[in-house]
Structures are given as C-alpha cells and as structure tokens.
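# only the shape, not the letters, is given here:
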C-alpha cells in the first residue's frame with residue numbers, strides 16, 4: 001500500500017498536507033466514522049480522495065449539487081483518476097452502464113445525490129460494489145439547522161445497513177456544535193468517532209461592511225473598482241434576475257443563477273462564468289459550492305444572509 005504522502009505527491013503534486021488533513025485521513029484508514037470541519041478552500045476533498053486511492057474498491061461521494069459533482073469528476077479525470085457522477089439528465093442506459101462499471105471496479109469514485117442512493121437501480125447494484133468509504137459532502141444539509149435542508153440527506157444512514165463496517169466521512173465548512181451533533185446522530189456515527197476542525201481564519205480574504213442607503217450604486221462602484229471575476233449573493237430568485245439586469249444596463253457583464261432554472265440552463269451559466277464569458281454571477285446560495293475557480297476577486301452579499309455561518313461559507317467560496 002502506498003503512503004498518504006506518496007498518493008498526495010503522485011496524483012495532486014503536493015509535498016505536505018495541511019492540518020488536520022493527515023489526521024483525518026488516518027482516522028478514515030483506521031475505519032473510524034469521522035467528521036471534518038474545514039473552511040471553503042481548505043482541502044476537504046483530499047481527506048476522502050487520498051484514503052480511497054490507497055485502498056481497493058470505490059468511494060461513494062454523496063453530494064448535493066450537479067455542478068459540484070461535475071467539477072470534482074473533471075478535476076479527478078485531469079489527474080488520471082477514474083471517476084463518474086450520476087445526476088438528473090442522464091438516461092437509464094447511461095446510469096446502468098456507470099453502475100455496471102462500478103461493480104467491476106472500473107471507477108475509484110462515484111458521485112451521487114442523496115436522492116439517487118434511494119433508487120431501486122442503485123440499491124440493486126450496491127451489494128456487488130466493493131465500497132471502501134462513504135463521503136458525505138456539504139454535510140450540514142443533513143441537519144434541520146442546515147441552510148440547504150433536503151429530506152433525503154437525513155436518510156443517508158439507511159445506506160449503512162447495506163454496508164456494515166464501511167466508515168463514513170462527513171465534511172462541511174460550517175457547522176455549530178448543535179449541527180455537528182445532529183450530523184453525527186443522523187449519519188448513525190459509532191459512539192467512538194473522531195471530529196477534526198481546521199482554523200477558520202482565512203488570511204487571504206479581506207472583509208468589508210458598508211452601511212449605505214443606495215445599494216445599487218454601491219454594488220456598481222465595488223464592481224467597477226475591483227477587477228476580476230465576481231459573485232453577488234441575493235436571498236430571493238427574483239432579486240438575482242433584477243440585480244443582473246441592473247448590472248447589464250450599466251455595461252457590467254452579468255447573469256443570474258438560482259435553483260428554479262433548468263439543469264441545462266444552470267450548467268450553461270456556470271460554464272460561462274467559469275470560462276470568464278460572464279464576469280459577475282448574481283445568484284442565490286444554490287451557486288458556488290465546490291467550484292474550483294482561482295480568479296474570483298470579490299464576493300458581495302447584496303442582502304444579509306440568514307445566519308453568520310451562511311455568510312462565512314458563502315464569502316469563502
């Protein structure tokens with residue numbers, strides 16, 4: 001078996017881990033249920049990718065967003081790692097073929113939504129898959145306090161009945177103590193489990209708060225004075241469209257994004273933003289999780305989020 005450092009160097013090109021990545025990886029390798037709280041950009045993905053690559057079998061990654069799944073599969077494939085994602089829009093034949101390949105060990109990572117793991121087709125293939133780890137990304141969605149509450153997230157623990165002895169790694173960038181306890185409870189963590197938390201200080205970020213009676217002009221001033229890619233968060237779907245139209249009237253290249261758009265439309269708009277065909281994405285918090293875009297220079301909250309954890313996570317994207 002290769003060591004974690006050998007895997008890190010071979011596939012990801014890094015010489016050292018950040019704290020507490022190595023401890024999380026060792027906890028997973030020891031077969032322990034594990035929770036990892038790490039800020040956005042802190043390297044959560046390596047915490048399940050490295051131990052999965054060290055062992056025989058496949059890692060099932062439960063993820064809430066198609067955009068996040070697509071991006072991580074793309075990043076893994078770039079590194080020569082076989083990965084696949086099952087999401088809405090794939091045909092029955094495509095899904096059946098992916099699951100068939102999983103049972104024969106073709107893939108190392110399978111990304112699925114929490115809704116997908118409840119389907120009869122997935123459960124039919126599950127016993128023949130050699131699964132070494134279940135990673136639950138954006139795990140705060142499990143909790144009733146989580147901002148992106150989805151009922152199937154609360155039923156992920158049912159998967160464990162089919163996979164006795166397979167450890168679960170829960171990953172999130174924001175969770176209070178109550179939310180952490182709730183996640184561990186709803187995922188059926190063993191009494192002996194490990195929790196790790198990275199410092200939430202982000203020295204590369206600068207935070208500013210403005211008290212203004214004219215938010216529209218203040219937003220335009222910020223975007224005119226700070227060059228580069230940008231995200232503007234709004235609390236309602238209607239506001240995302242209204243603000244994007246305002247920016248376009250002022251000759252700022254913008255578009256809007258929310259969960260009410262079709263899958264194709266969301267994918268197209270995200271790709272346009274990632275490829276810098278769109279400079280500013282005006283969106284709800286449905287946008288931004290897990291996207292790897294290093295040239296984002298400003299994140300604006302046009303309206304105050306529901307809680308401090310939401311603000312912190314969205315600002316860090």
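Everything's here; your move. Predicted model, so just to flag it, every value in this text is computed and none were measured.
# only C-alpha atoms from now on, for both contacts and neighbour counts.
Will do.
# buried residues, stretch 168-186. List them.
By neighbour count on 16 or more other C-alpha atoms under 10 Å, the buried set for stretch 168-186 is 168-175, 179-180, 182-186.
# residue contacts, residue 160?
Contact analysis of residue 160 by C-alpha atoms under 8 Å, 6 or more residues apart in numbering lists residue 166.
# and it, that's in a strand?
No. Counting by DSSP: H, G, I helix; E, B strand; the rest coil, residue 160 falls outside a strand, being helix.
# other SSEs contacting the helix or strand residue 73 falls within?
Residue 73 is part of helix 66-78 when elements are defined by DSSP states H and E. Applying 3 or more C-alpha pairs under 8 Å, 6 or more residues apart in numbering; DSSP states H and E, one finds that helix 66-78 makes contact with strand 83-86, strand 109-112.
# now those in a markdown table, with mean neighbour count?
A markdown table is the format used below for the helices and strands packed on helix 66-78 (neighbours: other C-alpha atoms under 10 Å):
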| stretch | mean neighbour count |
| --- | --- |
| strand 83-86 | 23 |
| strand 109-112 | 24 |
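# between those strands, which gets nearest to residue 301?
strand 109-112 (29.9 Å; C-alpha to C-alpha).
# after that closest one, which helix or strand is next?
helix 120-125.
# and the helix or strand that contains residue 51, what does it pack against?
Using DSSP H and E, residue 51 sits within helix 46-54. The contact analysis (3+ C-alpha pairs under 8 Å, 6+ apart) places helix 46-54 against helix 4-7, helix 21-29, strand 58-62, strand 131-136.
# again, 10 Å this time
helix 4-7, helix 21-29, strand 58-62, strand 109-112, strand 131-136, strand 168-172 (3 or more C-alpha pairs under 10 Å, 6 or more residues apart in numbering; DSSP states H and E).
# can you count the residues close to residue 272?
Other residues near residue 272 come to 15 when the count uses other C-alpha atoms under 10 Å.
# so it sits right up against residue 278, yeah?
Yes. The pair residue 272 and residue 278 passes the contact test of C-alpha atoms under 10 Å, sitting 5.5 Å apart.
# overlap in contacts, the two.
When contacts are counted by C-alpha atoms under 10 Å, 6 or more residues apart in numbering, the set common to residue 272 and residue 278 consists of residue 255.
# so what's residue 295 closest to, chain neighbours aside?
The shortest distance from residue 295 to any non-neighbouring residue, by C-alpha to C-alpha, 6 or more residues apart in numbering, is to residue 229 (6.2 Å).
# contact partners for the one you found?
Going by C-alpha under 10 Å, 6+ apart, residue 229 touches 223, 273-274, 276, 278-281, 293-299.
# show me the helices in the stretch 151-300 of the chain, by range?
Here the stretch 151-300 of the chain has its helices, by DSSP state H, counting those that start in this stretch, at 177-186, 215-225, 237-249, 263-274.
# and residue 8, which of those is closest to it?
helix 263-274 (25.9 Å).
# now do that closest one: everything it contacts.
Contact with helix 263-274 is made by 66-67, 70, 87-89, 229-231, 254-262, 275-281, 287-288, 291-296, as judged by C-alpha under 10 Å, 6+ apart.
# ok, the closest residue in space to residue 228 that isn't next to it in sequence to residue 276 distance?
In this structure, residue 228 finds its nearest non-sequential neighbour in residue 297, 5.5 Å apart by C-alpha to C-alpha, 6+ apart. According to C-alpha to C-alpha, to the nearest Å, residue 297 and residue 276 sit 13 Å apart.
# shared neighbours, these two?
228, 229.
# next, residue 301: phi, psi?
Backbone dihedrals for residue 301, given as degrees, to the nearest 10, come out at phi -100, psi 100.
# any idea what the nearest residue to it once chain neighbours are set aside is bridged to?
Excluding its sequence neighbours, the residue lying closest to residue 301 (C-alpha to C-alpha, 6+ apart) is residue 233, at 4.8 Å. Per DSSP bridges, the residues bridged to residue 233 are residue 283, residue 301.
# quick one: which of the contacts of helix 263-274 sit in strands?
229, 230, 231, 254, 255, 256, 257, 280, 281, 296 (DSSP state E).
# tell me the pLDDT at the fourth one?
We note a pLDDT of 97 for residue 254 in this prediction.
# repeat for the first one
We have a pLDDT of 95 for residue 229.
# and it, how far from residue 142?
Counting by C-alpha to C-alpha - residue 229 and residue 142 are separated by 31 Å.
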